[in-house]
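A.B. asks: For reference, the sequence and a predicted model appear below.
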Amino acid sequence: MKKYSGLEWLKVIACVCIVLMHMMANNNYNVGSVFYSVVKDSLAEFVYVFMTISAFGLCCGYYKRIQDGSINWENFYKKRYMKILPFFGLLVAIDLIYSFSMSALIEGLTEMTLLHRFIPTDIEVVGVGWFLGIVFIFYLVFPFFSVLIKTKRRAWFALLVAIALNLACEEHFNLTRRNFLYSSCYFVLGGLIYKYRKNIEKIAWQYLLALIVLSVAGYGIIGSNVFTRLAVTASLLMFFIGAELPSVRPIRFISGISMEIYLSHMLIFRVVEKVHLNRRFGSGMLQYFITVILVFCGACLFSFVAQKLLDKLIYGKYFNRSSRENAAGIGSSVNN
């Protein structure tokens, strides 16, 4: 199965942008009001890129097996839990130790099921875990999802319905991206792009880059809405599918732990904040980038060490007993 090395670059870009956004949102740096308001909100949109990549990656790994009936659903869901739960459970445990209460314990245990986004209220324990909950719901409905995108015409219709649901969630139900139906259009987009992947590979990268420029310009002129977000997300994914970028070791390394970085970077920020390193050099642009570098590098180190330990204790033991097929985890390559 073909490996799209360009997606490694896109996952790294999305991961860095999420860290940049959270460091803006959780600090009061003097980086300019216009820069702060415009760029922070734009960087937050990269969470939709992660959703689309997750759908595209899972389709690459399992769609054909579903169509020919060769998939073992018990193994599929076991591997979802085994690849996600240990690291996420570690973060939940650390959060509970840091700020224990009965309320936090209930929330933490609920999150450990990975079904927490079925609950309409937000959970404060590992706050960024809402995204993981949304993605896990996608895993649960993936069999139905594969039926929806069986043909290109059906996939387009599914996207239109998902967009309508997004608009209904936003305008009528007052729901946000933390609701699965609100975010479902981005998963459908990933499946739709999967259906057209061979056509996209034939397009010259210059045209795909021009598509990014046009979609970003439209986003800047029109503003943020479901249509401009879908356009930018689609153009980014199409470019990094079509462009044959080199698979270099640093990018491959960060891409492989991108979801772990996403989940743990706020934990690292709390450590940086505790020792006042987020204010050591003032409150200007220099301090902002120092904080970003400290948090990002710290999250990389924490994710790498934690994964190595979990590999020895859990992952390696489990997958050695299982089939040689790797789990298509959120942070893994799409050729799994």
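C.D. replies: Received it, and whenever you're ready, just let me know what you need.

A.B. asks: middle-most residue in this structure, spatially?
C.D. replies: The residue lying closest to the centre of the chain (Cα atoms, centre = their mean) is F50, at 3.1 Å.

A.B. asks: Can you show me the CA trace of the strand or helix carrying that residue as CSV?
C.D. replies: Under the criterion of DSSP states H and E, F50 resides in helix 46-67. Output in CSV follows, covering the C-alpha atoms of helix 46-67 (Å, rounded to 0.1, in the frame of the first residue of the first chain):
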residue,chain,number,x,y,z
PHE,A,46,-5.8,23.1,12.2
VAL,A,47,-7.7,20.8,14.5
TYR,A,48,-9.9,20.1,11.5
VAL,A,49,-6.9,19.1,9.5
PHE,A,50,-6.2,16.5,12.1
MET,A,51,-9.7,15.2,11.7
THR,A,52,-9.5,15.0,8.0
ILE,A,53,-6.1,13.2,8.1
SER,A,54,-7.5,10.7,10.6
ALA,A,55,-10.3,9.8,8.2
PHE,A,56,-8.1,9.6,5.2
GLY,A,57,-5.5,7.5,7.1
LEU,A,58,-8.1,5.1,8.4
CYS,A,59,-9.5,4.7,4.9
CYS,A,60,-6.0,3.9,3.5
GLY,A,61,-5.6,1.2,6.1
TYR,A,62,-9.0,-0.4,6.2
TYR,A,63,-11.5,0.7,3.5
LYS,A,64,-10.6,-2.0,1.0
ARG,A,65,-10.6,-4.7,3.7
ILE,A,66,-14.1,-3.6,4.7
GLN,A,67,-15.2,-3.8,1.0
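
A.B. asks: buried sites along it?
C.D. replies: When neighbours are counted by 16 or more other Cβ atoms under 10 Å, the buried residues of helix 46-67 are found to be 46-63, 66. C-beta coordinates here come from the backbone N, C-alpha and C atoms, glycine included.

A.B. asks: thinking again about what came up before, next one, pLDDT for the residue nearest to the centre of the chain please.
C.D. replies: The per-residue pLDDT reported for F50 equals 97.
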